[in-house]
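here are the coordinates; sequence isn't available:
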């Protein structure tokens with residue numbers, strides 16, 4: 001909500017879409033939600049900037065090296081999801097709230113693309 005309050009143009013566009021899609025409906029069904037195109041972009045961008053778990057613990061299943069550091073098997077490491085979502089190597093204007101960045105992009109939250117992992121990756 002704070003991102004929408006700081007970005008009234010985005011708020012207006014999201015509200016307009018919801019009002020248009022649900023106009024005159026007293027009851028919503030799941031199929032109606034699939035008609036939304038802009039609101040999912042707003043949600044993805046919100047999750048990128050404000051992940052549910054900014055630090056996600058993962059257990060190393062085999063010894064490896066990360067950026068020159070030896071990580072032993074069984075070690076718990078913290079994945080900084082907050083920093084990944086704001087990394088300029090992956091995102092243009094990473095600290096700016098821009099839902100349109102996801103418009104022609106098939107990135108989702110299922111953990112297959114490691115630059116966008118608001119809920120971690122894998123099962």
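Arrived safely, thanks for sending. What you are looking at is a predicted structure, and each value in this text was computed from that prediction instead of being measured.

Can you spell out which helices and strands pack onto the longest helix belonging to the chain?
With secondary structure taken from DSSP state H, the chain has its longest helix at helix 8-21. With contacts defined as 3 or more CB pairs under 8 Å, 6 or more residues apart in numbering; DSSP states H and E, the secondary structure elements packing on helix 8-21 are helix 2-6, helix 38-49. Yep, even glycine has a C-beta here, placed from its N, CA and C like the rest.

Tell me the buried residues in the first one?
Neighbour-count burial for helix 2-6, counted by 16 or more other CB atoms under 10 Å, picks out residue 4.

for the record, mean pLDDT for that helix?
Per-residue confidence for helix 2-6 averages out to 95 on the pLDDT scale.

Distance from the chain centre to that helix, please.
Going by CA atoms, centre = their mean, to the nearest Å, the spacing between the C-alpha centre of helix 2-6 and its chain's C-alpha centre is 16 Å.

looking at it, residue 80 is touching residue 53, isn't it?
No - the pair residue 80 / residue 53 is not scored as a contact, 10.5 Å apart, by CB atoms under 8 Å.
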